[in-house]
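Q: coordinates for the following, if possible.
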Amino acid sequence: MNKPFRSSAVVDGIDRAAMRAHLKACGLLDCEMDKPFIGIVNTFNEMHPGHRHLRELAQAAKDGVRIAGGAPFEFCTISICDGISQGHVGMCYVLASREIIADSIEVVAQAQQLDGLVLLASCDKIVPAVLMAIGRLDIPCVVVTGGPMLPGKFMGRDIAIYEMREAASELQSGKMTQEEFDEMEDCVCPTSGSCSMMGTANTMSCFAESLGLTIPGCSTTHAVFSKKLREAKESGMAAVELVKAGTKPSDIVTKASFENAMVVNMAIGGSTNSLIHIPAIAGEFGFEVTAADFERVSRATPHLVGVKPSGKLSLWEFDQAGGVPAVMKELGPERLDLSARTIIGKSWGEIIRTKRNKNPGHVRPLSNPVHAEGSLAILTGSLAPEGAAVKQTAVVPAMLKHTGPARVFDSQEDATDAMYAGTINKGDVIVIRYEGPKGGPGMREMLVATTALMGLGLGDSTALVTDGRFSGGTRGPCIGHVAPEAAEGGPIALVHDGDRISIDIPGRALTLHVDEAELATRKLAWKPIPPKVNSKYMNRYRKLVGSVWKGAILAE
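A: So this is what the prediction gives:
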């Protein structure tokens, strides 16, 4: 045998007889030894609505590999549901799981010298993790995103999971009955799939597609439809063809590809979490993406799709309008480099030539955007020298500029308790600190606090500022990713109750109105608080994790 692929290291030569014997123990035939070995990376998890359906998609991907003349080998890695991990210590582990997933894929692919991969992923940290692994490995790869769930239906309208969380506050304040609350709980998540909104899961799936690493249209094809099975099968076939052609991710994903994907991200109203994941992914491909890059792209890109939570559309409506290809068609050569390649061997220019925007009321043309600028804004200033992030398209106009007294809390739980106790005044600026990558550790999502803010009717008068992060379902005047974080002694660690804080989203400023001499005095007396979780992995993570604006990656 003289196998022309890298798996020849496993099967070629008389000194590899023992390896071949092990493969035969797994059911491989002699005639399969010379075929491309394709790993099927399955992130299936029975306790995860976004991933519980991936076994069937994995089988379809394996069928596609066999059709194209490859030999598939399925293996698994972990996946955590952000929604189930919300509001308790489990959220400390979610962002940290991204590194484990990427590392585990690298370990298996390299140890077994697989020729290519099909990677199945649906949700918040898992899609970024597989993209990081792809950049790191640089072997032929195709991503299959698991697809959104269908929207829930409640009282004749489409709903998404963030509305369930806000409903808890409405129940407590008497705006909703217990019967209505129970009915909503039973229907908000009707199927498997990622949450039916432009949260982090669907944001990063759209990012993977616009990078050129999925079958076109894959990111918004809903989990429960047969089209998703066909896309998985096509992906298996594509992976084999990439191996045979010797086409690596670095041949497809260029700096222009990242620029395209960042433009699409702003146009679709992407999650603030993309600001963490995109630099981490870019680094694995050998590129650098900075806070200044996000700000530049956002300023130059109109917001074209108003999907929940910063709009009224469901992911289903976005998909029916044409999904990512329709957005790219509207952005056109004025905003995109359409020569960028994809895993199907065509450029984006060739792909969108045959696509159309099926509903210009849902995917707006450049001449009639939802907002003139992209979804995300980067703020800097004396409270956030490295930067802070806000989803500006989800902020009511009255709160685009705001100055108020600080109400300081060292955890999300303390802030949420204060809101429910009625001790937060309209006009306050709630400060939640020691929730960053090191301080959490793990940079928890502040979704419990932000949904309390909105559910209690404070979203048009009261702001929230944190060194933690937000769910993609967050809306309102919520500023996150403040860096340097409190655990590193950043200015947010030195804020006292009553200090005046100014937020100016159009001016991109976040200002703490305390003079430098007073801050220096406070810094001398400052001591960090203990981390909220103590475990071997999280202690190691806390020591190694870097700034959120560099992707919260681990030091090598």
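Q: rest of the way, CA atoms for contacts and neighbours
A: OK.
Q: so how far is residue 233 from residue 226?
A: For residue 226, the distance to residue 233 under the criterion CA to CA, to the nearest Å works out to 11 Å.
Q: who's more crowded, those two?
A: Higher neighbour count among residue 226 and residue 233: residue 233, with 24 against 11, using other CA atoms under 10 Å.
Q: and the longest helix for this protein?
A: Scanning the chain for the longest helix, with DSSP state H as the assignment, gives helix 226-245.
Q: in the helix or strand following that one, what counts as buried?
A: Next in sequence after helix 226-245, counting helices and strands by DSSP states H and E, comes helix 249-252. Within helix 249-252, the residues that count as buried by 16 or more other CA atoms under 10 Å are 249-250, 252.
Q: low-confidence ranges in the stretch 451-556 of the chain?
A: The stretch 451-556 of the chain contains residues with pLDDT under 70 at 473.
Q: can you check the chain too?
A: Across the chain, residues meeting the criterion (pLDDT under 70) sit at 473.
Q: again, only using 80
A: 1, 472-474 (pLDDT under 80).
Q: so the spatially most central residue of the chain versus residue 470, what's the distance?
A: Computing the C-alpha centroid of the chain and ranking residues by CA atoms, centre = their mean puts residue 200 first, at 3.6 Å. For residue 200, the distance to residue 470 (CA to CA) stands at 9 Å.
Q: which neighbours do the two share?
A: In the contact map built from CA atoms under 8 Å, 6 or more residues apart in numbering, the residues linked to both residue 200 and residue 470 are 272-273.
Q: quick revisit: so what does the longest helix of the chain touch, helix or strand wise?
A: With contacts defined as 3 or more CA pairs under 8 Å, 6 or more residues apart in numbering; DSSP states H and E, the secondary structure elements packing on helix 226-245 are helix 54-67, strand 116-121, strand 141-145.
Q: so what strands line up beside the last one?
A: Translated: strand 141-145. According to DSSP bridges, the neighbouring strands of strand 141-145, each with its direction, are strand 116-121 (parallel).
Q: by how many degrees do the partner strand and helix 54-67 diverge?
A: 160 degrees (axes from the mean of the first three to the mean of the last three CA atoms, to 10 degrees).
Q: pull the distance from strand 116-121 to the chain's centre.
A: 17 Å (CA atoms, centre = their mean, to the nearest Å).
Q: after it comes which helix or strand?
A: The first helix or strand that comes after strand 116-121 along the chain, using DSSP H and E, is helix 126-137.
Q: can I get the CA coordinates of that next one in CSV?
A: Coordinates of the C-alpha atoms in helix 126-137 are reproduced here as CSV (Å, rounded to 0.1, in the frame of the first residue of the first chain):
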residue,chain,number,x,y,z
ILE,A,126,-18.9,24.6,21.0
VAL,A,127,-19.0,26.2,17.5
PRO,A,128,-16.1,28.6,18.4
ALA,A,129,-14.2,25.6,19.8
VAL,A,130,-14.4,23.6,16.7
LEU,A,131,-13.4,26.6,14.6
MET,A,132,-10.4,27.1,16.9
ALA,A,133,-9.5,23.4,16.4
ILE,A,134,-9.8,23.7,12.6
GLY,A,135,-7.4,26.7,12.5
ARG,A,136,-4.9,24.9,14.8
LEU,A,137,-4.9,21.6,12.9
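Q: what packs against it?
A: Judged by 3+ CA pairs under 8 Å, 6+ apart, helix 126-137 is in contact with helix 94-111, strand 116-121, strand 141-145, helix 200-211, helix 249-252, helix 274-284.
Q: gap between the third one and the chain center?
A: Mean-position distance between strand 141-145 and its chain equals 15 Å (CA atoms, centre = their mean).
Q: got the angle for that strand vs helix 200-211?
A: Computed by the same axes, to 10 degrees, the angle between strand 141-145 and helix 200-211 is 140 degrees.
Q: for residue 435, which non-adjacent residue is closest in space?
A: Distances taken as CA to CA, 6 or more residues apart in numbering place residue 468 nearest to residue 435, at 4.6 Å, with adjacent residues excluded.
Q: got the contact list for that neighbour?
A: For residue 468, the set of contacting residues under the criterion of CA under 8 Å, 6+ apart consists of 432-437, 440, 443-446, 480-482.
Q: closest one to residue 285 out of the residues you listed, please.
A: residue 437 (22.6 Å; CA to CA).
Q: neighbours of that closest one, just the number please.
A: Using other CA under 10 Å, residue 437 has 30 neighbouring residues.
Q: go ahead and confirm it touches residue 545.
A: Yes: taking CA atoms under 8 Å as the contact criterion, residue 437 and residue 545 are neighbours in contact, 6.6 Å apart.
Q: which neighbours do those two share?
A: Contacts common to residue 437 and residue 545, judged by CA under 8 Å, 6+ apart, are residue 552.
Q: residues in contact with the closest residue in space to residue 205 that isn't next to it in sequence?
A: In space, not counting the residues next to it along the chain, residue 205 is nearest to residue 219; the distance is 5.1 Å by CA to CA, 6+ apart. Shown in contact with residue 219 (CA under 8 Å, 6+ apart): 145-147, 202, 205-206, 208-209, 323-324.
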